[in-house]
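**Q** Okay, predicted coordinates and the sequence, questions at the end:
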Amino acid sequence: MANRVENELTEELLPLLQEERYVTVATVDHETGGPNVNAISWVYAMDSKRIRFAVDNRSRIVENLRKQPRITLTMIGGGSTYSITGTSEVIQESMDDVPLKLALIEVAIEEVRDVMFYGSRITAEPKFEKTYDKEAADKLDKQVADAMKK
């Protein structure tokens, strides 16, 4: 997808965002007006035009998006780095069937851009591990994933 701009997720990118993945979220800070970047992993592409993600409902992300709903998600995958820009909406202040107070946010995708620098490709994608109880993490991840897909 190098040097191309799409208005939705491609067939290659869609399944990458239907599994747990390291993604960064860039918003406009509601106090300073400057950039605010956070890392998330509870993210799910509903289809090629919509991405949902979950964050603590006290997160700065939520307050930022209430004031300015424009958002950019950055994903590393498929051998490159992609900037996914759109308009967000908090669709649930507190997700049902999830023990934590998580907000569910949906992004209407407007632009997908390959932002990898010229003449290069990603050879290893970011990996992460949960540092708390594995069984509890797996249970929570399943609850959040199921709630996002509703």
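**A** Nice, I can see it. Just so it is clear, the structure is predicted and the values come from calculations on it, not from any experiment.
**Q** How about the backbone phi and psi for the nearest residue to residue 103 once chain neighbours are set aside?
**A** Among residues not flanking residue 103 along the chain, residue 57 sits closest, at 4.0 Å (Cβ to Cβ, 6 or more residues apart in numbering). For every residue, glycine as well, the C-beta is placed using N, CA and C. Note on residue 57: backbone dihedrals following degrees, to the nearest 10 are phi -70, psi 0.
**Q** Please report phi then psi for the nearest residue to residue 122 once chain neighbours are set aside.
**A** Among residues not flanking residue 122 along the chain, residue 79 sits closest, at 5.3 Å (Cβ to Cβ, 6+ apart). Main-chain torsions, residue 79, degrees, to the nearest 10: phi 80, psi 10.
**Q** what about residue 79, how many neighbours?
**A** 15 (other Cβ atoms under 10 Å).
**Q** Does residue 142 fall in a helix, a strand, or a coil region?
**A** Under DSSP: H, G, I helix; E, B strand; the rest coil, residue 142 falls in the helix class.
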